[in-house]
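Enquirer: Provide a 3D model corresponding to the input given below.
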Amino acid sequence: MLCLLPRRHFLAMLTAGAPDLAPGLGGRGCVLRNGQLVTEWGDQALRRDVLSSAKPVMTTLLFFAIQERKLRSLDTRLADYGWELAPKDRSMTFAHLTSMTSGYGRPEAPGTAWAYNDYADNLYQKTLYDRLFQQPPEEVGARLANALGLQDGLAFRATNRRLSTSVRDFARIAQFWLDRGQWQGRQILPERLFRRYCRPQTPRDLPHTRQAETDDYLKLGTFGGGSDHFTEFGAGIYGGNWWFNSTGRLHPKSITWPAAPKDTFMSIGAGGNCAVMIPSQKTVLVAMGANWGKLEPGNPAWLTNQHLQTLLREPVRG
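Expert: Numbering: from 1, shown residues only. Coordinates of the predicted model:
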């Protein structure tokens, strides 16, 4: 349960690490412990594009589609929804899209290579809204907004349906994932979906895509970036559009965030729009427009790892 406490109660609940955390991250953000707001900084209601942190929200909406029997499972093939996919892509599933292994626009077949692929994400969103739900994204997103009582709501850009939301609303979404689909004592979405997909979905030894021009043969355009951009990290630590605290192909001897518990997972959006969930510590951290540092999984000096160390300086209280 997420309890938004009056400001006068904040000081009594601050963790020891919080005063250092906010200046280090900057931007705007908040921390939840045991589902309760313990500290905040910046404008909590400001609604801005969260960039790639929108991707796990799309995964959440896929879960609603499964609950409503519009989708059998994430292993369902996209070809079932009328796309004229190239022969090499006909085995592509929703699970491939949520794990950045779809192969769309790349030379490899689905499931055979990692590529952080925003052309595939445009295929993802078009299938989700136009062919699966057959509703505008605002109507689809209302399922999640209404279930969690979002205060500022979800807005979608007209061109590529990228998501804008506020810190406090994204914190509710993060808490919803930490609690495996439960909200205020009610199981809103099946827990089995969170158990299956809230873990790495990409094999640790999965190779990176080969160098090649993007083949956007469906003429979809991009969600924002290239078909192979942002990072080569991902094999072993990505799935369900989240990043996980595990070893990966490029850091086989060190977990993603060495200072954090192994059950930590995170959304990463450009421009410093990120959310961290730590189930064992009953802790959520959301910071947008913040300084998380350059992506360096496995490196203790990575600024994100240092922020998590600060966050965890004070143990959670029951």
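Enquirer: how about the strands of the stretch 201-318 of the chain, start to end?
Expert: 238-239, 242-244, 265-269, 273-278, 283-288 (DSSP state E, counting those that start in this stretch).
Enquirer: For Ala120, which of these is the nearest?
Expert: Closest approach to Ala120 among those (CB to CB): strand 238-239, 13.1 Å. For the C-beta atoms, the positions are set from N, CA and C on the backbone; glycine is no exception.
Enquirer: Okay, His96 and Leu295: tell me how far apart.
Expert: Distance, His96 to Leu295, using CB to CB, to the nearest Å: 22 Å.
Enquirer: if we can go back for a sec, possible to save the strands of the stretch 201-318 of the chain as a markdown table with mean pLDDT and mean neighbour count?
Expert: Output for those, formatted as a markdown table (pLDDT from 0 to 100; neighbours: other CB atoms under 10 Å):
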| stretch | mean pLDDT | mean neighbour count |
| --- | --- | --- |
| strand 238-239 | 98 | 25 |
| strand 242-244 | 98 | 25 |
| strand 265-269 | 98 | 24 |
| strand 273-278 | 98 | 26 |
| strand 283-288 | 98 | 28 |
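Enquirer: between His96 and Leu295, who's got more neighbours?
Expert: Set His96 next to Leu295 and count neighbours by other CB atoms under 10 Å: His96 wins out with 25 against 16.
Enquirer: so is the more buried one in a helix, a strand, or just coil?
Expert: Using DSSP: H, G, I helix; E, B strand; the rest coil, the secondary structure recorded for His96 is helix.
Enquirer: any idea how far it lies from Arg161?
Expert: The gap separating His96 from Arg161 is 20 Å, by CB to CB.
Enquirer: Next: Pro56.
Expert: Distance, Pro56 to Arg161, using CB to CB: 15 Å.
Enquirer: Glu68 too?
Expert: Glu68 is 20 Å from Arg161, by CB to CB.
Enquirer: what about these two, which has more around it?
Expert: Arg161 (21 against 11).
Enquirer: Kindly list the main-chain dihedrals of the more buried one?
Expert: phi 60, psi 20 (degrees, to the nearest 10).
Enquirer: Could you report the distance from it to Leu178?
Expert: According to CB to CB, Arg161 and Leu178 sit 26 Å apart.
Enquirer: What of Ala155?
Expert: With CB to CB as the criterion, Ala155 and Leu178 are 24 Å apart.
Enquirer: between those two, which one's more packed in?
Expert: Between Ala155 and Leu178, counted using other CB under 10 Å, the more crowded position is Leu178 (23 against 16).
Enquirer: mind listing what the nearest residue to the more buried one once chain neighbours are set aside touches?
Expert: Of all residues not flanking Leu178 in the chain, Met277 sits nearest, at 4.4 Å (CB to CB, 6 or more residues apart in numbering). With contacts defined as CB atoms under 8 Å, 6 or more residues apart in numbering, Met277 is in contact with Ala174, Gln175, Trp177, Leu178, Thr264, Phe265, Met266, Thr283, Val284.
Enquirer: what about the third one, how many neighbours?
Expert: By the criterion of other CB under 10 Å, Trp177 has 24 neighbours.
Enquirer: Relative to Asn160, how far out is it?
Expert: 24 Å.
Enquirer: same thing with the fifth one?
Expert: To Asn160, Thr264 is 30 Å away according to CB to CB.
Enquirer: Which one's more surrounded, those two?
Expert: Neighbour totals were compared for Thr264 and Asn160, and Thr264 leads with 24 against 17 (other CB under 10 Å).
Enquirer: ok, that one to Asn305 distance?
Expert: Thr264 sits at a distance of 10 Å from Asn305 (criterion: CB to CB).
Enquirer: Understood, closing this out.
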